[in-house]
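Chemist: any chance you can model this:
(2 chains)
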Amino acid sequence: MDLNLNRADYLQVGVTSQKTMKLLPASRRRATQKVVVGDHDGVVMCFGMKKGEAVTVFKTLPGQKIARLELGGVLNTPQEKVFVAAGSEIRGFTKRGKQFLSFETNLTESIKAMYISGSDLFLSASYIYNHYCDCKDQHYYLSGDKINDIICLPVERLPRITPVLACQDRVLRVLQGSDVTYEIEVPGPPTVLALHNGNGGDSGEDLMFGTSDGKLGLIQITTSKPIHKWEIGNEKKRGGILCVDNFDIVGDGVKDLLVGRDDGMVEVYSFDNANEPVLRFDQALSESVTSIQGGCVGKDGYDEIVVSTYSGWVTGLTTEPIHKESGPGEELKINQEMQNKISSLRSELEHLQLKVLQEREKYQQSSQSSKAKSAVPSFSINDKFTLNKDDASYSLTLEVQTAIDNVLIQSDVPIDLLDVDKNSAVVSFSSCDSESNDNFLLATYRCQANTTRLELKIRSIEGQYGTLQAYVTPRIQPKTCQVRQYLIKPLSLHQRTHVIDHDRPMNTLTLTGQFSFAEVHSWVVFCLPEVPEKPPAGECVTFYFQNTFLDTQLESTYKKGEGIFKSDNISTISILKDVLSKEATKRKINLNISYEINEVSVKHTLKLIHPKLEYQLLLAKKVQLIDALKELQVHEGNTNFLIPEYRCILEEADHLQEEYKKQPAHLERLYGMITDLFIDKFKFKGTNVKTKVPLLLEILDSYDQNALIAFFDAA
Amino acid sequence: MLLPVFTLKLRHKISPRMVAVGRYDGTHPCLAAATQAGKVLIHNPHTRSQHFSASRVFQSPLESDVSLLNINQAVTCLTAGVLNPELGYDALLVGTQTNLLAYDVYNNSDLFYREVADGASAMVLGTLGDIPSPLAIIGGNCALQGFDHAGNDLFWTVTGDNVHSLALCDFDGDGKKESEDFDIRVFKEDEIVAEMTETEIITSLCPMYGSRFGYALSNGTVGVYDKTARYWRIKSKNHAMSIHAFDLNSDGVCELITGWSNGKVDARSDRTGEVIFKDNFSSAVAGVVEGDYRMDGHVQLICCSVDGEIRGYLPGTAEMRGNLLDTSIEQDLIRELSQKKQNLLLELRNYEENAKAESSSPLNEADGHRGIIPANTKLHTALSVNLGNETQAAHAELCISTSNDTIIRAVLIFAEGIFLGESHVVHPSIHNLSSSIRVPITPPKDVPVDLHLKTFVGYRCSTQFHVFELTRQLPRFSMYALTSPDSASKPLSYVNFTIAERAQRVVMWLNQNFLLPEDTNIQNAPFQVCFTSLRNGGQLYIKIKLSGEITVNTDDIDLAGDVIQSMASFFAIEDLQVEAEFPVYFEELRKVLVKVDEYHSVHQKLSADMADNSNLIRSLLVRAEDARLMRDMKTMKSRYMELYDLNKDLLNGYKIRCNNHTELLGNLKAVNQAIQRAGRLRVGKPKNQVITACRDAIRSNNINMLFRIMRVGTASS
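Modeler: You can find the predicted model right below:
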């Protein structure tokens, strides 16, 4: 069965955060439901749809930015009390809009995530988790990395209270009281948690998670260990997951999985006989989907998916057909409704325009006086700067509540800006005089009308570090722009992992000296991505990293006065050595750096690179042949005369070309890394081999693994 | 929602822009397209039984309804249409770098095969001006040629540069137009009636209706002109591969259909450029054409992708009310209005917050961080000429400064045609921030350019900045600095003409088109000004006498042309006869002409050699095979050795011929450009006279006459 959903926009509020829109429970099945939504202005709004017009039930006064909105109530009754988290305060409203609760948690940080179950309240700020029961503090936990979301397995079905934290370091932490029962590693930084089927599935222990790199999974949280049920990868390179919900939109009696992503994709997965999810429907909206829920809002009797987006649009994707098959009279009525709506909007606009004109004049006049000041209006930018594991590149997404006019990208390190197919903005690279002004990249993106979201891809080089700046100018008067800075770290292509292979040959770098734990931690933060800024608890800490491009690894263990870094890649050690000594000199700290180089590791790294390099070389060769072979095919009419290898290339032509296109400059990057390895190996020996690099490149051109290893040994 | 009425997948690649539909047998429309390896494919879904069986055409081994036509040379342009009205069916015309082939597909015979020295990079078929029979007009290296069905060369003219696209269009009654490097030129028969300069290479043109036509540039811009005025244009990061006019929404007016390099096809309203329909292919679009491909009496829009996917679309029916996209108009309108409302509300809030900020204490540190600046901050801009120093070449300079202690964080300049991309950014490092910035600008051509400036103003530690937007015009001759006259270096070349204008008006023209220092005070006529080019240090003298006689001394004939054209448009001069003397340039041209003759004779000689050799090959081959049959292996071997040597000779000869040909093309282009330049020194009627007379002189090979015309503007003494 085909799922056909039509888009209907209901209302626009202010900018919304993740999980800030909910539907109040309906009085009966398929009756229209009310929508509650909280925005960054601090306004909680509840509205219903009547004859295609939004009718407000209640609306609170502006206040602090609302970070979360949840529904709650006495267990086993309709959950129709509205709870919002704003700043460090929790407020509760009845469905009529009467405030019955105002609870100041006295947390030092503002609340980031909230979950409510009966009289239990689970809160988390950036690193702190708190459990309250009837507003009384029960449990507390300090997490090692940022907490993105929080949930509790259903207490009415299980005999225990099991809160689960989704933490930025790719781990779900299952708690019991104030302690961690166990940790579950997931494939990406988890951003959202939800109970399977809304109640935890058959066992009541099934938990769904979504990650910021767009993966989804289901895990059963038993008392002793996790059981992974299924996982959906992100083949199509779509955005990160911001919200999920379960609702039977297909109408087959099984609840479907609704997913909202930060690139505006709304997806519906239904479950097949083996309980595996299958994609049934997807639609692209133009901006991040912050909340999603299935229900019925626009017209009773028609199910729909209600979503809220970053800029505050509440939109329904409804099963109600656009073209009514009823009599002509009714159609007229619908048109009439639309017309009314449009004309009321128009008159409202006219009124506003007049007001704006007056204000504008006032503003202009103020510019004549010498005492007056001109403040820039602040606007919020929703940005994300993440490393993609697949192609070892960074992607930067910028989203603004109004249309973007242009974006200036400036970088003081050499980086490559790659084209993203989704972008419609016109890119223009400007020449830059790098010596005098520290510019290595100056590029402007001039956006087409109505672009609120821009995605960029950036390729960095390990060892070269600095800052990337984005100046975002939206299309709004008075014109202003905001700068966002992103650090390109020295080991930018490394990613946190939790397990490494200890059998590899390792090179070791040891630091000793008079430095505190906080200092050494700050150096690690400076060098490596995905490390929490706050020094973790404990005296000694170990982090594991993996190079996303070469799959080499790095182990860093440090405490007060000592730091040990182990890697199977000499280049990694060399970069660390350079950066750390530079940092220490800057702070005038006396550092003793000693290193232990394992000759075998070079061979090992070359062997790691070998399959990648061979694959790329073969791919390049095959792709080169495709056109010629195709011509032969056209000329001869069949391919029987070709050797099987060539026939195989022809059959896979499309696939090969796609693969080739996906990894631009992959070969050059590999060459670059081999060259670095070569230089670094001899740098530790104290010899400069830069003169031999052309020789190395020659060997690479006619690549043979043994010849390369021999060259490394001989030189 | 408009859906394709048919979708085909041919297993052949299709070369971009080389797709045409024709009724080669008079009734059945077939699609012809250039494919790889110098072949042309003809897709004929209607008559499967018919088989071509001749040397040139063979059945495609991959598909039964596709025939392939061997050209054995890279196809550079392709079109189909009625060339001979008496035949009653369409001919297929294929252009390559050296030849033009008119081919009768139905009878499988050549109509004619002509060698075209200038190459054929663009082609259009149709009637032109007073010439009654349809012409195949091909555009090549700076030249246009028209052939009738017999292959007779009926039309010839020159243009300023290589022709990229040709289209016939009713410009002002009847005309025809054509485009090449950055310019669109409109010809009425063989005289230029209009020229439009664009910022990039023009890749496609298509007539819409009346005097309206669409165009596409290589930087991803498409737009519509009505006569010489641009209606609209849009720019995308992709390139427009093919444009076509088609009435997709059945409102009686053609829309501009664009096929893009990323596989997108969109239809835009000819008046506003608004998208009314779009669809996506998996690969780049190769061509957009129209034809009644299903033979049901309705014309379809046919889009082909480079991978051989073909889709046909029927125009939308009346019930759809022009609504071809799947979302309803009302919804879109509401969304748009709400967005507007939201923007206005935001703006209002901005002013409110501003008022709030104003009422608080005077400026302090924190304010600077938030980007609060004094309201009376103003931005000054000034354009001047900088003569440069050892480290920096001379350039025009834009100086931007604020009126108080605020700093300029960055300057974005959006301007077309003078930078590598469309923008130039100046972003000083955090240590070098100040309240003024100097931006060097070196426009590569003498054209007036609008500089759209966006300046980020704030304080050193600000994370938010005010954006000041303003537009400055860079005058046409900004790369010339006023210098003191020095008669010793005065260029020998000059142009001389008389205009009926007062000297003050000339001074006005100077002020508008040159960057003069502020204190320049030019007295009344007669006077003389001297400029130095910042590009190559060349001198430009402009002298005006009391009588209104103006002498412009410069060695650069293009510059002289630019000065005259600029003056003519400023003073609204319709016709201007000019006397010109460019001894150096003329001498070069004379050499070029001699060379052209040489290359021509070499070419002929080489061709003759090749013919000889090919005869020899034939006989050698026969003798070698004979020897093989006689089992005389020794003779056979020696024969084949000879053949091998001969083959090598031929290959070498071919290489020489190739080089010779490129040289010849280069020189021919220089000749064509010289005529064009001589024309540009005049305005209006004298301009056309010069071009016509020059062409006649070249035809009659009268070189002295040619130079005479270039000098005085007429052939008769």
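
Chemist: which intervals of the stretch 301-450 of chain B have sub-threshold pLDDT?
Modeler: Along the stretch 301-450 of chain B, the parts satisfying pLDDT under 70 run over B:317-331, B:357-371.

Chemist: OK, contacts around B:Phe527?
Modeler: Contact analysis of B:Phe527 by Cβ atoms under 8 Å, 6 or more residues apart in numbering or on different chains lists B:Ala503, B:Lys543, B:Ile544. C-betas here are computed from N, CA, C, even on glycine.

Chemist: and which of the residues you listed is nearest to chain A?
Modeler: B:Lys543 (38.7 Å; Cβ to the nearest Cβ).

Chemist: what is the burial count for the nearest residue to B:Thr483 once chain neighbours are set aside?
Modeler: Counting by Cβ to Cβ, 6 or more residues apart in numbering or on different chains, the nearest residue to B:Thr483 once its immediate chain neighbours are dropped is B:Thr532, at 4.8 Å. B:Thr532 is flanked by 21 other residues according to other Cβ atoms under 10 Å in any protein chain shown.

Chemist: and B:Asn667, by the same measure?
Modeler: 20.

Chemist: how far away is it from B:Asn660?
Modeler: 11 Å (Cβ to Cβ, to the nearest Å).

Chemist: repeat that for A:Lys136.
Modeler: 97 Å.

Chemist: so between these two, which is more surrounded?
Modeler: Using other Cβ under 10 Å, the more surrounded residue of A:Lys136 and B:Asn660 is B:Asn660, with 17 against 9.

Chemist: list the contacts of the more buried one.
Modeler: B:Tyr599, B:Val602, B:His603, B:Leu606.

Chemist: recalculate using a threshold of 6 Å.
Modeler: Shown in contact with B:Asn660 (Cβ atoms under 6 Å, 6 or more residues apart in numbering or on different chains): B:Tyr599, B:Val602, B:His603.

Chemist: now do A:Phe83
Modeler: Each residue near A:Phe83 by Cβ under 6 Å, 6+ apart is listed here: A:Glu70, A:Gly72, A:Gly92, A:Ile116.

Chemist: quickly check these for the two that are furthest apart.
Modeler: Farthest apart among the contacts of A:Phe83 by Cβ to Cβ are A:Glu70 and A:Gly92. That separation is 10.0 Å.

Chemist: who's more crowded, the two?
Modeler: A side-by-side neighbour count of A:Glu70 and A:Gly92, using other Cβ under 10 Å, places A:Glu70 first with 21 against 17.

Chemist: wait, the more buried one sits on A:Ile116?
Modeler: Yes - contact criterion Cβ atoms under 6 Å: A:Glu70 and A:Ile116 qualify, at 4.8 Å.

Chemist: residue boundaries of the helices in the chain?
Modeler: By default, I'm working from chain A. Along chain A, counting by DSSP state H, helices occupy A:328-366, A:434-437, A:517-527, A:570-586, A:599-636, A:644-651, A:653-662, A:666-685, A:693-701, A:705-714.

Chemist: oops, I was thinking of chain B
Modeler: Under DSSP H, chain B gives helices at B:329-359, B:365-370, B:503-513, B:557-570, B:583-629, B:633-680, B:685-699, B:703-712.

Chemist: and for B:Met479, nearest residue in space, chain neighbours not counted?
Modeler: Nearest non-adjacent residue to B:Met479, counting by Cβ to Cβ, 6+ apart: B:Leu534, 4.6 Å away.

Chemist: typo on my end, B:Cys254
Modeler: B:Ala245 (4.0 Å).

Chemist: pLDDT wise, what is that neighbour at?
Modeler: We have a pLDDT of 85 for B:Ala245.

Chemist: returning to what we had before: now render the contacts of B:Asn660 as a markdown table, adding pLDDT and neighbour count.
Modeler: A markdown table is the format used below for the contacts of B:Asn660 (pLDDT from 0 to 100; neighbours: other Cβ atoms under 10 Å in any protein chain shown):
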| residue | pLDDT | neighbour count |
| --- | --- | --- |
| B:Tyr599 | 87 | 20 |
| B:Val602 | 88 | 16 |
| B:His603 | 85 | 16 |
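
Chemist: picking that back up, nearest to A:Leu650 among the contacts of B:Phe527?
Modeler: Distances from A:Leu650 to the contacts of B:Phe527, taken by Cβ to Cβ, are shortest for B:Lys543, at 71.7 Å.

Chemist: quick one: neighbours of the closest one, just the number.
Modeler: Around B:Lys543 there are 19 residues (other Cβ under 10 Å).

Chemist: ok, now which ones touch A:Arg280?
Modeler: A:Leu3, A:Val268, A:Ser270.

Chemist: right, I'll call it a day here.
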